[in-house]
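Novice: Please work out how this folds:
(one chain, ligands or ions: 1)
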Amino acid sequence: MSQSRQQLAEQLAEAVFQALHDDLSHQQRALLVVSGGSTPVPFFEALAAKPLPWERIDITLADERWVGMDSSDSNAKLVREHLLQGDAIEANFLPLTCDAATPEEGVDEVAKLAETLAWPASVVILGMGGDGHTASLFPDSLELGLALATEELLVAVRTPSQPQPRITFSADRLHQARRHILHITGDDKRAVLAKALNGDDVRQLPIRAFLTCPLAIYWAP
Ligand code: 6PG
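Specialist: Reported below is the predicted structural model:
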């Protein structure tokens, strides 16, 4: 891990700590929505070390691959191993999968539970892929139009470029937050973000769906 990525993770953890701390000074519960993938690991570890009233914090994921919770592709496993550690184990974590065989069959069950979280979220932290996807809003998702337009919480998505079916919060639900943060690293993603900032077609680069709300960008080389 480069020093600048580690510093970025620590600065992001400090900002998220402050946000949760501030919101919990005037509300009973607060919700944090995190992303999976590889970028967030040092951030998760830095945040887990913060002195927060974790038992008053709900945590969920922006999206998930429809795999078992012990699969190495499971974002829930990533959160359990790197964020729900030490005192942070007291947080109420809602994974986005259930026992159903497919996301299409399981989406309503997960949505019912997700509705009970402390919306609007205090913070939504997004990642971004080289194709401009964020959460599981991929340019080639068959359900991209639906996920961008629906007021439903969650959408089951099939994406030719991805090996597994997925479930994702809709753009509408991900917008329901007090603060939005994009956490990205590397020159390739900087170039994708620059391209996204230079146009409007959300279906081409779905991260654009979040360039209309205040979006704090945490980037390091
Ligand atoms: C996932 C995500 C996804 C991720 C980006 C970036 O489950 O894959 O939540 O949207 O944030 O693909 O992933 P990396 O951090 O691995 O580059």
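Novice: what does the chain put close to the ligand?
Specialist: 35-39, 62-63, 75, 127-129, 133-135 (CB under 6 Å from any ligand atom). Every residue, glycine included, has its C-beta placed from N, CA and C.
Novice: switch to 5 Å and redo it
Specialist: Counting by CB under 5 Å from any ligand atom, the residues of the chain lying close to the ligand are 35-39, 63, 75, 127, 129.
Novice: ok, and the most crowded of these?
Specialist: Each of the residues of the chain next to the ligand was scored for neighbours by other CB atoms under 10 Å, and residue 63 scores highest at 27 neighbours.
Novice: Number of residues surrounding residue 79?
Specialist: The number of residues packed around residue 79, counting by other CB under 10 Å, is 24.
Novice: What helices and strands are in contact with whichever helix in the chain runs longest?
Specialist: Counting residues, the longest helix in the chain under DSSP state H turns out to be helix 3-24. Where contact means 3 or more CB pairs under 8 Å, 6 or more residues apart in numbering; DSSP states H and E, helix 3-24 is packed against strand 30-34, helix 41-48, strand 123-126, strand 180-185, strand 215-220.
Novice: so which of these gets nearest residue 98?
Specialist: Residue 98 lies closest, by CB to CB, to one member of the helices and strands packed on helix 3-24: strand 30-34, at 18.3 Å.
Novice: what's the angle from that closest one to helix 41-48?
Specialist: Strand 30-34 and helix 41-48 are oriented at 160 degrees to each other (axes from the mean of the first three to the mean of the last three CA atoms, to 10 degrees).
Novice: Send me whichever strand or helix holds residue 106 as CSV with only the CA atoms.
Specialist: With secondary structure defined by DSSP states H and E, residue 106 is part of helix 103-114. Presented in CSV, the C-alpha positions along helix 103-114 are these (Å, rounded to 0.1, in the frame of the first residue of the first chain):
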residue,chain,number,x,y,z
PRO,A,103,-31.1,-11.7,-6.7
GLU,A,104,-34.4,-11.5,-8.6
GLU,A,105,-35.9,-13.9,-6.0
GLY,A,106,-34.2,-12.3,-3.0
VAL,A,107,-34.5,-8.6,-3.7
ASP,A,108,-37.8,-8.0,-2.0
GLU,A,109,-36.7,-9.7,1.2
VAL,A,110,-33.5,-7.7,1.4
ALA,A,111,-35.4,-4.5,0.5
LYS,A,112,-37.8,-5.0,3.4
LEU,A,113,-34.9,-5.1,5.8
ALA,A,114,-33.0,-2.2,4.1
